[in-house]
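> Show me the folded form of this:
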Amino acid sequence: MARNRQPDDVRAKKRDDILEAAMAVFEKHGGLEALSFRRLATEMELSYSAPYRYFASKDELVNALRARAFRWIEQAMLTAIAGLDDPEAQLEALAAAYIRSGIERPDRYALMFFKLDDTDVARRSIELKAARRDALDVCRRVIAAGQASGHLPDRVDPLTAAHLFWIGAHGLVSLQVAGQFVMGRDLPALVPTLIRCLRAGLEHFDETPASRRTTASEEIRHVATHVAAGDDPDSPAHPVRVPR
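Prediction:
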């Protein structure tokens, strides 16, 4: 006899419960090495095969966890800017929330940036792509609204500007988690300074002369292409071209 199909809301709730349990195992018991379907089934008092009804493989499960991590940091940023109207205050709040979340939950934060062996699973994951996009889009929307109102400079498009803010915030999290602030600076001083410096940079941004920009961009594409393909861009087979 065929098994009755669960209603969509029941299935979604069970899937969410499995992800919640998987995140707890990941954060509290040793990362990906500790995470297995058998352990999840034991933790949740389910049959061994139960998690396979929702995730075809461990890679698929981990990518769903990565999406969950992006949703977590997206919500932290949305909560931080709720009730704020000034774009610069919103950017400071965004950066502070992002950095605080990464420092308080470093394992969950790192999960967003894991590179899995089966990269095809990540490429196919609509859930992960949407979560990544939506997390970054919080910052992009704040910048776009600030530019539209005239409160933020518009010399750089909002998506590029959002990436620059993300780079800065990610760098601060990485340095703090690694214990690299050893020369008299700390996060409370650096976060607002980072925002002001990035804002000033966007306001006074000027395009590099076309000939220099083209050469540099070609070199960056050269390295990125071979890294994405798994090659060593510094090997003799792929010599680095030095811009003149």
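> Can I get stretch 120-137 in CSV, CA atoms only?
The C-alpha coordinates for stretch 120-137 follow below in CSV (Å, rounded to 0.1, in the frame of the first residue of the first chain):
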residue,chain,number,x,y,z
ASP,A,120,26.6,21.0,-8.1
VAL,A,121,24.3,20.6,-5.1
ALA,A,122,24.9,24.2,-4.1
ARG,A,123,24.5,25.4,-7.6
ARG,A,124,21.1,23.7,-7.9
SER,A,125,19.9,24.9,-4.5
ILE,A,126,17.2,27.5,-5.1
GLU,A,127,16.7,27.8,-1.4
LEU,A,128,20.4,28.7,-0.8
LYS,A,129,20.6,31.1,-3.7
ALA,A,130,17.5,32.9,-2.5
ALA,A,131,18.7,33.2,1.1
ARG,A,132,22.1,34.6,0.0
ARG,A,133,20.4,37.1,-2.3
ASP,A,134,17.9,38.2,0.4
ALA,A,135,20.6,38.7,3.1
LEU,A,136,22.7,40.9,0.9
ASP,A,137,19.6,42.7,-0.4
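> Return the residues in contact with R39.
For R39, the contacting residues are V25, by CB atoms under 8 Å, 6 or more residues apart in numbering. From N, CA and C alone the C-beta is placed, and that goes for glycine too.
> distance of it from L84?
Distance, R39 to L84, using CB to CB, to the nearest Å: 42 Å.
> R133 too?
23 Å.
> Of those two, which one has the most company?
Using other CB atoms under 10 Å, the more surrounded residue of R133 and L84 is L84, with 15 against 12.
> is it true that that one touches A93?
Yes. Here L84 reaches A93: they are 5.9 Å apart, a contact under CB atoms under 8 Å.
> Now for the two: what residues contact both?
With CB under 8 Å, 6+ apart applied, the contact sets of L84 and A93 do not overlap.
> Look at the nearest residue to A97 once chain neighbours are set aside and give its secondary structure.
If the residues on either side of it in the chain are set aside, A97 comes closest to A80, at 3.6 Å by CB to CB, 6 or more residues apart in numbering. Here A80 takes the helix state, with states given by DSSP: H, G, I helix; E, B strand; the rest coil.
> Pull the contacting residues for A80.
Residues in contact with A80 (CB under 8 Å, 6+ apart) are 93-94, 96-97.
> Highest neighbour count among these?
Highest neighbour count within these, by other CB under 10 Å: L94, with 25 neighbours.
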